[in-house]
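In: quick one: sequence and predicted model below, then my questions.
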Amino acid sequence: MTDHTADLLFAPTVVAVNHLRNEGLAAKTVLTGNIMANPMQFVKDKITDKHYSGRDYYLLTMHRPYNVDDPERLK
């Protein structure tokens, strides 16, 4: 219902765009890209093997107060 009343719809993936198109909302849908996956891919493509060879790296983003404001929950 909300999608039908909005002026613009920002879709993170082609799959999301297709869902909105199937609902007749293609004219007001904009493919924005995935704000979490795209930056990770950008950085990954810039890392060279000579700097990180043989090492495991993980990326963790924590930004919701529910997850980070309580020290016990964060731990």
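Out: Structure received.
In: and Ala16, how far from Asp70?
Out: Distance of Ala16 to Asp70, computed by C-beta to C-beta, to the nearest Å: 32 Å. Where you see a C-beta, it was placed from the backbone N, CA and C, and this is true even at glycine.
In: which one's more surrounded, these two?
Out: Ala16 (16 against 10; other C-beta atoms under 10 Å).
In: just the buried residues of the helix or strand containing that one, please?
Out: Secondary structure assignment for Ala16, by DSSP states H and E: helix 14-22. For helix 14-22, the buried set under the neighbour-count rule, 16 or more other C-beta atoms under 10 Å, comprises 16-17, 20.
In: report all helices and strands that it contacts.
Out: strand 9-11, strand 29-31 (3 or more C-beta pairs under 8 Å, 6 or more residues apart in numbering; DSSP states H and E).
In: let me have those in TSV, extended by distance to Thr2.
Out: Shown next, in TSV, are the helices and strands packed on helix 14-22 (distance: least, C-beta to C-beta, whole Å):
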stretch	distance to Thr2
strand 9-11	9
strand 29-31	14
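In: single out the most deeply packed of those.
Out: Mean neighbours per residue, mean count of other C-beta atoms under 10 Å, is largest over the helices and strands packed on helix 14-22 for strand 9-11, with a mean of 18.
In: and that strand, how far out from the chain's middle?
Out: In terms of C-alpha atoms, centre = their mean, to the nearest Å, the centre of strand 9-11 is set 12 Å apart from its chain centre.
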